[in-house]
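1. What follows is a predicted structure for the sequence shown.
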Amino acid sequence: MANNNIGPKRLVVGAHYGLRDWLAQRLTAIVMALYTIILLVEFLGGRNFSYEGWAGMFSHQWFKIVTFVAFLSLFYHVWVGMRDIWMDYATKSVAVRLVLQAATIAWLIGCAGWAVQIIWRV
Amino acid sequence: MSEAVKRDRRQFGRMSFAQALQYRLPPAGVVSIFHRISGGLMFVLLPFVLFLLDKSLTSEISFDYLRAFTSNWFVKLVILALSWAYLHHFCAGIRHLLMDLHVGLDKTSGRKSAITVFAISIPLAVLVGLKLFGAF
């Protein structure tokens, strides 16, 4: 097959980033829904609603890791959602949208750092 | 290519905010816009949630501080708003996932599932509110 992927005939579709984000949004949603169930079962099942009960839950390494995964899912999910919102409403200027999107990413990475600190300090 | 992008195009199908408020949405549309509003709200309050988690876990002293902090009525109200946002986003999200699996795509079941989302999320949010403000 001739190489028709250069010059004016360059294929400009098919990056799959639409599908990738759509799928990531669904998968991260499932992870967070499962985490919600784990959190509720652990918390209500423990029947210890004091500081010891709450912090004790987070003292196990497996729970820290599960919480961390849920947080990462949350941040990716938030990114996809906020990107949709900026794309829908910040339509007047590409520059403004780019700044908002970049700020969202920076903000979420900052929050991720804070989340890690909270989880592994217990 | 760049000329085609830069050319001024008339944009159709966009309504102003005032028009949007007058637009009578079907239940599925109401679920959809609240899905977006609740998601945006949780994004804005993300640092607040992290702050609450931080205070709840750091030490017994910070835990007690959190107790005092969350006894304020306005803080309770914010937590209630967050709880509603989470519950609505959760239920509407499950509806989304079911529709991705081609469950309930027709008009009638779409309407039914939209009403179901509200029928589950609002009573649960009311329960959270009653618990927060000490009804039980």
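-> Here it is on my side, so go on. Numbers count the residues shown, from 1 in each chain, chains lettered A, B, ... in the order given.

2. Around chain A, which positions in chain B sit nearby?
-> B:36, B:39-40, B:42-43, B:46-47, B:50, B:53-54, B:56-58, B:60, B:63, B:90, B:93-94, B:96-97, B:100 (Cβ under 8 Å from any Cβ of the partner chain). The C-beta positions use only the backbone N, C-alpha and C, and glycine is treated the same way.

3. now do 7 Å
-> B:36, B:39-40, B:43, B:46-47, B:50, B:53-54, B:56-58, B:60, B:63, B:90, B:93, B:97, B:100 (Cβ under 7 Å from any Cβ of the partner chain).

4. Which residue lies nearest the spatial centre of chain A?
-> In chain A, the centroid-proximal residue (Cα atoms, centre = their mean) is residue A:76; its distance is 2.1 Å.

5. Just give the nearest non-adjacent residue to it, would you?
-> residue A:28 (5.1 Å; Cβ to Cβ, 6 or more residues apart in numbering or on different chains).

6. and whatever helix or strand that neighbour lives in, which residues are buried?
-> Taking DSSP states H and E as the definition, residue A:28 sits inside helix A:17-46. Using 16 or more other Cβ atoms under 10 Å in any protein chain shown as the test for burial, helix A:17-46 gives A:21, A:25-26, A:28-29, A:31-33, A:35, A:42.

7. Go through the residues you listed and say which is closest to residue B:127.
-> residue A:33 (19.4 Å; Cβ to Cβ).

8. What average pLDDT does stretch A:57-64 get?
-> Here stretch A:57-64 scores 94 as its mean pLDDT.

9. ok now that stretch, how far from the chain's centre?
-> 20 Å (Cα atoms, centre = their mean, to the nearest Å).

10. What are the buried residues along it?
-> Applying 16+ other Cβ under 10 Å to stretch A:57-64 flags A:57-58, A:63-64 as buried.

11. Stretch B:70-79 now?
-> In stretch B:70-79, counting by 16+ other Cβ under 10 Å, buried: residue B:79.

12. burial measure for residue B:23, as a count.
-> 9 (other Cβ atoms under 10 Å in any protein chain shown).

13. do you know how far it is from chain A?
-> Noted for residue B:23: a distance of 16 Å to chain A, by Cβ to the nearest Cβ, to the nearest Å.

14. same deal with residue B:122?
-> 18 Å.

15. With residue B:45 instead?
-> Distance from residue B:45 to chain A, by Cβ to the nearest Cβ: 11 Å.

16. Quickly note the distance from that residue to residue B:83.
-> 11 Å (Cβ to Cβ, to the nearest Å).

17. got a list of what the most centrally placed residue in chain B touches?
-> Among the residues of chain B, the one closest to the centroid is residue B:38, at 2.1 Å (Cα atoms, centre = their mean). The contact partners of residue B:38, by Cβ atoms under 7 Å, 6 or more residues apart in numbering or on different chains, come to B:85, B:88-89.

18. Point me to the helix or strand that includes it.
-> Going by DSSP H and E, residue B:38 is in helix B:27-44.

19. Just confirm residue A:35 contacts residue A:70, I think it does.
-> Yes - using Cβ atoms under 7 Å, residue A:35 is in contact with residue A:70, at 3.7 Å.

20. thinking again about what came up before, pLDDT wise, what is the residue nearest to the centre of chain A at?
-> 96.

21. now do residue A:6
-> 68.

22. what's the answer for residue A:12, then?
-> Per-residue pLDDT puts residue A:12 at 63.

23. likewise residue A:43?
-> So, for residue A:43, pLDDT stands at 89.

24. Give me the subset of the buried residues of stretch A:57-64 that also touch chain B.
-> residue A:58.

25. List just the nearest of the buried residues of stretch A:57-64 to chain B.
-> residue A:58 (5.8 Å; Cβ to the nearest Cβ).

26. any idea how far the closest residue to residue B:79 other than its chain neighbours lies from chain A?
-> In space, and not counting its chain neighbours, residue B:79 is closest to residue B:132: 6.4 Å by Cβ to Cβ, 6+ apart. Applying Cβ to the nearest Cβ, the value for residue B:132 to chain A is 15 Å.
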